[in-house]
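Participant: Sequence plus the predicted model coming up.
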Amino acid sequence: MAEKGHRKKKAGRKATKRKEAQKDKEAAPGIDEGIKGPNPRAGQLHSKGRATASRARTAEKEQRRLHGEFPRGALEPCACARSEQPAQ
């Protein structure tokens with residue numbers, strides 16, 4: 001057997017308060033307290049220097065991710081390449 005769901009009060013103080021709140025909500029269109037947006041202050045840093053450093057760190061991480069790091073010996077010519085060149 002299925003359980004019955006919750007039923008709102010239709011009479012009494014709670015019902016009266018709910019009806020008054022509904023009337024106030026309908027009287028003031030455009031103000032919807034039920035829907036909240038993201039907190040605009042949540043991600044802000046309050047220090048200018050800290051924000052600058054954070055942006056620089058993020059940019060450097062992004063560049064490392066895109067370009068990768070070279071192995072140490074990649075930029076130096078190998079010994080075999082030097083021996084094969086003709087003497088002048």
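Facilitator: Ah, there it is.
Participant: Relative to Arg41, how far out is Ala27?
Facilitator: Taking CB to CB, to the nearest Å as the criterion, Ala27 is separated from Arg41 by 30 Å. Any C-beta I mention is one placed from the backbone N, CA and C, and that applies to glycine too.
Participant: An error on my part: the question was meant for Lys48.
Facilitator: Taken as CB to CB, the spacing of Lys48 relative to Arg41 amounts to 16 Å.
Participant: contacting residues around the lengthiest helix in the chain?
Facilitator: If each helix of the chain is counted by residues according to DSSP state H, the longest one is helix 48-67. Counting contacts by CB atoms under 8 Å, 6 or more residues apart in numbering, the residues outside helix 48-67 that touch it are Leu45.
Participant: mind redoing it with 10 Å?
Facilitator: With CB atoms under 10 Å, 6 or more residues apart in numbering as the test, helix 48-67 has contacts from Gln44, Leu45, Ser47.
Participant: What about these, which one has the most neighbours?
Facilitator: Neighbours were tallied for each of the contacts of helix 48-67 (criterion: other CB atoms under 10 Å), and the maximum of 12 neighbours falls on Leu45.
Participant: Quick one: residues contacting that residue.
Facilitator: Under the criterion of CB under 10 Å, 6+ apart, the contact list for Leu45 reads Ala51, Thr52, Ala53, Ser54, Arg55.
Participant: check which helix or strand covers it.
Facilitator: In this assignment (DSSP states H and E), Leu45 forms part of neither any helix nor any strand.
Participant: residues near Pro40, how many?
Facilitator: Applying other CB under 10 Å, we find 7 residues neighbouring Pro40.
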